[in-house]
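In: output the structure for:
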Amino acid sequence: MFFAVTALLNAEGEKRITEMQDAFNEHLAQPFRHVRLAGGLHSGDGKRIGFLILIEADTAAEAEAYLHESPVFRAQGYKRTEVLEFRPEIGRLG
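Out: Residues are numbered from 1 along each chain as shown. Below you'll find the predicted structure:
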């Protein structure tokens with residue numbers, strides 16, 4: 001199953017990412033997790049406001065655990081997060 005993990009940054013979020021960039025990159029690149037696609041969400045003026053990660057997992061709880069392992073999540077850098085099942089209808093993942 002695929003899950004869309006969205007995380008919107010709070011006012012301190014960008015600062016938190018900058019402070020822990022290496023740890024955040026390591027989190028995104030974990031070899032034992034099945035991240036299929038990941039990238040920044042940006043406002044109309046180009047400012048990064050969050051992230052979207054498509055992850056393959058057996059359950060929503062596993063995808064949520066991945067989110068909770070994020071150093072930015074642990075540093076309370078997000079104002080809102082969500083984990084939703086993603087069912088591709090056009091195109092393919094992997």
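In: contacts for the helix-or-strand element of the chain with minimal mean pLDDT?
Out: The weakest-scoring helix or strand in the chain, judged by mean pLDDT, DSSP states H and E, is helix 21-28 (a mean of 82). Applying Cβ atoms under 8 Å, 6 or more residues apart in numbering, the contact partners of helix 21-28 are 17, 35, 38, 53, 69, 70, 71, 72. Just so you know, the C-beta spots here come from the backbone N, C-alpha and C atoms, and that holds for glycine as well.
In: which parts of that helix are buried?
Out: Residues of helix 21-28 classed as buried: 24, 27 (neighbour count, 16 or more other Cβ atoms under 10 Å).
In: helix or strand next in line after it, which one?
Out: strand 34-42 (DSSP states H and E).
In: strand partners (parallel or antiparallel) of that next one?
Out: strand 48-56 (antiparallel) (DSSP bridges).
In: how far off helix 21-28 does the strand it pairs with point, in degrees?
Out: Angle, strand 48-56 to helix 21-28, by axes from the mean of the first three to the mean of the last three Cα atoms, to 10 degrees: 30 degrees.
In: just checking, residue 73 touches residue 80?
Out: No - assessed by Cβ atoms under 8 Å, residue 73 is found out of contact with residue 80, at 11.4 Å.
In: how many neighbours does the residue nearest to residue 39 when sequence neighbours are not counted have?
Out: Spatially, and ignoring its direct neighbours in sequence, residue 39 is nearest to residue 52 (6.2 Å; Cβ to Cβ, 6 or more residues apart in numbering). Residue 52 has 14 neighbours, counted by other Cβ atoms under 10 Å.
In: do I have it right that residue 52 meets residue 8?
Out: No - look at residue 52 against residue 8 with Cβ under 8 Å: they stay out of range, at 10.0 Å.
In: for residue 58, phi and psi?
Out: The phi and psi values for residue 58, taken as degrees, to the nearest 10, are phi -80, psi -30.
In: quick one: residues contacting the closest residue in space to it that isn't next to it in sequence.
Out: Nearest residue to residue 58, sequence neighbours excluded (Cβ to Cβ, 6+ apart): residue 1, at 6.7 Å. Residue 1 makes contacts with 56, 57, 58, 59, 85, as judged by Cβ under 8 Å, 6+ apart.
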